[in-house]
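Peer 1: Sharing a sequence plus its predicted fold:
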Amino acid sequence: MTPAPGTRADGWVIGGLCLLTTATGALDATSFLDLGRTFTANMTGNVLLLAFSLTGTSLGGGSSSGGFAVALVAFVVGALLGAAVAGRRGRAARLPAALGLEVVLLAAALGVTAGGSVDEALRRDAVIALLALAMGVQNALVRRMSVPEANTTVLTTSLGSLAADVVAVGGRPPRAGRRVATVACIFGGAVVGAELQRHGTIWPLLVALALVASSALALTRAGWPAPVD
């Protein structure tokens, strides 16, 4: 049974989404700092970086147009997979299965990172692909959940709508807390990811995996929100 809006279970849903957002920050931090200046969730950044790289501009950090392209393609494929697994609109939702797929992809990325001797460039691209796939799945899942003003991978929309609504409403806009929480969570995740990355990529991935697993527990505790078709 889906809890009615305004009950305590709503807090578990928002908490679960905040955990996913924090994981996004941690993953983008380590992918940018240790995987060739590539983002695994922020596709706007990858499009711009790919454009810069094609002009011959040096971005440093072992970056390459190939890595940016891998992330973009993998994210789109992940979104397609996530949408298919989560269930099309007008049909029964399978939200836990989609989040389970994200957990599997993150675990696979962790396994590749901790694996034996493999060509370094190949390993890096494999990890980028798996993380971007996971973020694409997460993006599709959150869209299917249809929780208003809850976005776990993009800040531009949250910040822009918040600023615009302050003027339009003439005061505190509705659900402003959710949008501020999105910024705070992704910022906090990025700080944690950047600090842990100093000790190796494996640590931010472990934290991100734990955050996503904890999100699954929180959303299960909430009874999962009923998507709006």
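Peer 2: All right, it came through fine. Since the model is a prediction, treat every value here as computed from it, not as a measurement. Numbering: from 1, shown residues only.
Peer 1: Can you give me every residue that contacts Val13?
Peer 2: By CB atoms under 8 Å, 6 or more residues apart in numbering, the contact list for Val13 reads 145, 147, 218-219, 222, 224-225. Placement of C-beta: from N, CA and C, glycine included.
Peer 1: what do you get for Leu106?
Peer 2: Contacts of Leu106 (CB under 8 Å, 6+ apart): 130-131, 134, 205, 208-209, 212.
Peer 1: Same question for Ala107.
Peer 2: Going by CB under 8 Å, 6+ apart, the list of residues near Ala107 reads Leu209.
Peer 1: confidence score at it?
Peer 2: If you check Ala107, the pLDDT there is 97.
Peer 1: What's the separation between it and Leu130?
Peer 2: Separation of Ala107 from Leu130 (CB to CB, to the nearest Å): 9 Å.
Peer 1: Over to Asp28?
Peer 2: Distance, Asp28 to Leu130, by CB to CB: 14 Å.
Peer 1: cool, Thr44 as well?
Peer 2: Using CB to CB, we find Thr44 at a distance of 21 Å from Leu130.
Peer 1: So between these two, which is more surrounded?
Peer 2: Leu130 (24 against 11; other CB atoms under 10 Å).
Peer 1: got any ranges where the chain has weak pLDDT?
Peer 2: Filtered on pLDDT under 70, the chain yields the residue ranges 1-9, 90-92, 116-118, 149, 158-176, 228-229.
Peer 1: ok, 80 please
Peer 2: 1-10, 58, 60-63, 88-92, 116-119, 148-151, 153-179, 225-229 (pLDDT under 80).
Peer 1: Which residue ranges of it form helices?
Peer 2: Applying DSSP state H to the chain gives helices spanning 8-34, 43-54, 65-86, 95-114, 120-145, 156-169, 176-197, 202-222.
Peer 1: out of everything not next to it in sequence, what's closest to Leu197?
Peer 2: To be clear, residue 197 is Gln; Leu isn't right here. Spatial nearest neighbour of Gln197, excluding adjacent residues (CB to CB, 6 or more residues apart in numbering): Thr30 at 4.5 Å.
Peer 1: Give the burial count for the closest residue to Arg124 other than its chain neighbours, as a bare number.
Peer 2: The shortest distance from Arg124 to any non-neighbouring residue, by CB to CB, 6+ apart, is to Leu35 (5.5 Å). If you count neighbours by other CB under 10 Å, Leu35 ends up with 26.
Peer 1: same thing with Met135?
Peer 2: 32.
Peer 1: now the one 10 residues further on
Peer 2: By other CB under 10 Å, 23 other residues sit near Met145.
Peer 1: Surely it is in contact with Ala222?
Peer 2: No - applying CB atoms under 8 Å, one finds Met145 not in contact with Ala222, separated by 10.6 Å.
Peer 1: rewinding a little: look up how far Pro227 lies from the residue nearest to Arg124.
Peer 2: Leu35 is 33 Å from Pro227, by CB to CB.
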